[in-house]
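>>> Provided below are the primary sequence and the corresponding predicted coordinates.
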Amino acid sequence: MKAVDYLKWDEKKISDFSTRNISDMYNAGYLFTRIDKGVMQQTRSVRIDLGVFEPSSENRRILKKVSDMAVNELPLPVPDYDWHIGKLAKDFYDTKFGSGIMSAQKVKEIMTDTDRSNFNCLLVYETSGNIIGYAICYQNDDMVHYSYPFYNLSAPKDTGLGMMLLAIQKAKSLGKKYLYLGSLQRPGDKYKLQFSGLEWFDSHSWSKDIERAKNVLLMPKG
């Protein structure tokens, strides 16, 4: 896969996979990566406090547009992995982010190899009984990390945001405290700032200052 210049301030490889330790690491700005089992990077993490999240009028508009979409949860690893899933992911990431960002083999590894993968949950999105997309996640009793979403590129506009909102609602209904949305890396990540209850890690602490986050996204990485 292509080497990607992600923002990171620190990297650790954990051996304690208890809920408490992992949640503490996430609370310190670390996120699980696809690099290898236990590898976490501290970055400009972004999360939603689900205790205060309420959909905005714009969120409700999107939810109305995907009202026929359902989301189901499967545990990872999947026992009946199909190569079409990896192809769907590769095509999606090639088109959205550039060739070589995500390989079909890496998707298979994440979804089937517990010795290499940090992720334990697959969200499956369906419309009219047809699978339209997936999101690879990590979850425990405290939180969900919504990590690698991908969907059919012929899907209607706003499918990606609709998938994210359904995941947020699902996590809230399950009583999770936080849903993590990855990190704020580039100007295109501004869409993550639209949710109520949003916080972002500024390398020292969690901030609720959305305007400052918008300004940070316009600056060089660092």
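Yes, it's here.

>>> where are the low-confidence patches of this structure?
Within the chain, the set of residues satisfying pLDDT under 70 comprises 1-5, 220-222.

>>> As a check, name the ranges of all helices in it.
19-27, 57-65, 83-97, 104-112, 159-173, 210-217 (DSSP state H).

>>> ok, and what's touching the fifth one?
To tie it back to what came earlier, the one meant is helix 159-173. Residues lying outside helix 159-173 but in contact with it, judged by CB atoms under 8 Å, 6 or more residues apart in numbering, are 48, 50, 53, 55, 59, 62-63, 65-66, 69, 71, 73, 123, 125, 132-133, 135, 137, 139, 143-144, 146, 149, 151, 179, 181, 191, 195. Backbone N, C-alpha and C define where each C-beta goes, glycine included.

>>> Could you turn the buried ones of those into a ChimeraX selection?
A single ChimeraX command is used to select the members of the contacts of helix 159-173 judged buried by 16 or more other CB atoms under 10 Å:
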select :48,50,53,55,59,62,63,66,69,71,123,125,132,133,135,137,139,143,144,146,149,151,179,181,195
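
>>> Out of the contacts of helix 159-173, which sit inside strands?
For the contacts of helix 159-173, membership in strands holds for 48, 69, 71, 73, 123, 125, 132-133, 135, 137, 139, 143-144, 146, 149, 151, 179, 181, with DSSP state E as the criterion.

>>> neighbours of V46, just the number please.
The criterion is other CB atoms under 10 Å. On that basis, V46 has 23 neighbouring residues.

>>> Please tell me how far it sits from A155.
With distances defined as CB to CB, to the nearest Å, the gap from V46 to A155 amounts to 24 Å.

>>> How about G188?
Plainly put, G188 is 19 Å away from A155 if you go by CB to CB.

>>> Just want to know which of those two has more residues nearby.
Remark: of G188 and A155, A155 carries more neighbours, 17 against 10, as counted by other CB under 10 Å.

>>> show me what contacts that one?
Residues touching A155, when contacts are defined by CB under 8 Å, 6+ apart, comprise T127, I132, G133.

>>> Now distance to N215 too, for these, in JSON lines please.
Conversion of the contacts of A155 to JSON lines gives the following (distance: CB to CB, whole Å):
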{"residue": "T127", "distance to N215": "37"}
{"residue": "I132", "distance to N215": "35"}
{"residue": "G133", "distance to N215": "32"}
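
>>> So which of these is the closest to W9?
The shortest gap between W9 and any of those belongs to G133, at 31.3 Å (CB to CB).

>>> Name the nearest residue to that closest one, ignoring sequence neighbours.
Nearest non-adjacent residue to G133, counting by CB to CB, 6 or more residues apart in numbering: Y151, 2.8 Å away.

>>> again with Y191
In space, and not counting its chain neighbours, Y191 is closest to L161: 7.0 Å by CB to CB, 6+ apart.
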